[in-house]
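1. Need a 3D model of the sequence below.
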Amino acid sequence: MHLLPYLPGTTTTDLPAAPGWPHPDTASGLAYAELGAWTWLVVDDDGRIAGECGVKGLPGEDGVVEIGYGLAGPSRGRGLGGQAVAALVNELGRKAGVRRIDAQVALDNLASRRLLERLGFTLVDVGPHELRYTRVV
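-> Numbering: from 1, shown residues only. As a prediction, this is how the structure comes out:
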């Protein structure tokens with residue numbers, strides 16, 4: 001698995017798509033790149049695009065970024081999401097100005113909640129529909 005930088009408006013790759021990609025949330029995930037946010041494609045071990053990840057905006061003066069990530073359904077449940085988010089956290093840790101990473105997760109998304117907790121994120125808020133996690137870099 002590796003992350004491939006995504007740049008809107010350019011041909012980023014001639015890699016094949018994994019089954020189920022693009023998924024229903026791909027367009028909204030990649031739309032952040034249109035606004036200048038850092039975005040990557042998730043490439044699986046077979047060299048196929050299986051998802052996307054990135055930030056929802058560049059860090060402000062407080063150094064906070066919020067991440068988002070998504071995988072095609074058939075690519076889930078095999079550790080690819082954990083690898084991708086770990087690589088994303090690594091990338092963000094090397095970016096100037098990033099001091100904290102936040103993530104929001106739907107209450108019923110147990111897999112994503114566990115993934116963030118395994119990667120050292122701390123639960124900081126429980127809302128009516130989602131949970132908020134954070135991690136200092």
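2. When you work out contacts or count neighbours from here on, use the C-alpha atoms and nothing else.
-> Will do.
3. Can you tell me what sits against stretch 21-40?
-> Where contact means Cα atoms under 8 Å, 6 or more residues apart in numbering, the residues beyond stretch 21-40 that reach it are 3-8, 49-58, 68-73.
4. Which ones among these lie within strands?
-> Helix and strand membership here follows DSSP state E; of the contacts of stretch 21-40, those in strands are 3-5, 49-55, 68-71.
5. May I see the buried residues of the longest helix along the chain?
-> Looking across the chain with DSSP state H, the single longest helix is helix 80-93. Within helix 80-93, the residues scored as buried using 16 or more other Cα atoms under 10 Å are 80-89, 92-93.
6. Low-confidence ranges, this protein, go.
-> 11-13 (pLDDT under 70).
7. what about the helices in it?
-> In the chain, helices defined by DSSP H lie at 26-34, 80-93, 110-118, listed in chain order.
8. got the buried residues for the first one?
-> Read it as helix 26-34. Judged by neighbour count using 16+ other Cα under 10 Å, the buried positions of helix 26-34 are 26, 29-30, 32-33.
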